[in-house]
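In: need the 3D shape of this:
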Amino acid sequence: MCRLLFVKSEHEFEIEFHLNKFAEVCKLSKEFQGHGWGCAYLDNENNWQYYKNINPIWEDDFSNFPKSIRLIVHARSAFEDKDIFIENNMPFYDNNFIFIFNGELRGVKINAEGRIGAEKIFNFIKRFHNDDMKSAMEKSINIIVNRSKYIRAMNIIIIDKINGYVSSLFNEDQDYFQMSYKKLNDELIICSQNYIGEDNWTKISNKSIEVF
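Out: Residues are numbered from 1 along each chain as shown. Down below sits the predicted model:
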């Protein structure tokens, strides 16, 4: 399943630094994370910029990315190695929110538009949004759980320009699916797993929804 990264800071950081760290995590993952990748970041005029590449993240050149105060990244491990098209790469987004996901759901009975399951989940969550994204996630995820035959894992990060909304849910393989975060001064890093060789990361509780 895919790998996720979100970085939030009060001051500009080097996007290249975090992409290199994340690419290392993806390359060394026990599951292949090379079905393309994508990211979004805020530019110096506070507008979102998006980038997607169908090649493995560890083969890309990050040197032209600028500094930013927000970064969200997704590396794809396509379900059953199917539908490997750049249009299916996350992040998915609209005018207000950016969405990334990893996990695996079986027998899901929800009615929502989308090219792949992750996009359907994003659109389903937005249906419940009424100025409170955390509440929308609580309501929609509870319905998805009740309408799914089995959920191996369903980790979601949704961000706007202010907050990151993080939902953690897994029923197996805790070492692989449990996300962690790390705070350094004014910088917050949330990732599918610790950066290689780094300590002092905090596990995000299973079956929780937190706002960062």
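In: tell me how far stretch 63-70 lies from the chain's centre.
Out: Remark: stretch 63-70 is offset 18 Å from the chain centroid, using Cα atoms, centre = their mean, to the nearest Å.
In: so which bits of it are buried?
Out: Using 16 or more other Cβ atoms under 10 Å as the test for burial, stretch 63-70 gives Phe65, Ser68, Ile69, Arg70. Placement of C-beta: from N, CA and C, glycine included.
In: cool, and stretch 12-29?
Out: Of all the residues in stretch 12-29, those buried under the rule 16+ other Cβ under 10 Å are Phe13, Ile15, His18, Leu19, Lys21, Phe22, Ala23, Val25, Cys26, Lys27, Ser29.
In: of the buried residues of stretch 63-70, closest to Phe99?
Out: Set against Phe99, the nearest of those by Cβ to Cβ is Arg70 (14.2 Å).
In: that closest one against Cys39, yeah?
Out: No. When contacts are counted by Cβ atoms under 8 Å, Arg70 is not listed as touching Cys39 (10.4 Å).
In: rewinding a little: so which of the buried residues of stretch 12-29 are in strands?
Out: Residues of the buried residues of stretch 12-29 located in strands (DSSP state E): Phe13.
In: columns pLDDT on top of the buried residues of stretch 12-29, output as a markdown table?
Out: Shown next, in a markdown table, are the buried residues of stretch 12-29 (pLDDT from 0 to 100):
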| residue | pLDDT |
| --- | --- |
| Phe13 | 97 |
| Ile15 | 98 |
| His18 | 98 |
| Leu19 | 98 |
| Lys21 | 97 |
| Phe22 | 97 |
| Ala23 | 97 |
| Val25 | 96 |
| Cys26 | 96 |
| Lys27 | 95 |
| Ser29 | 92 |
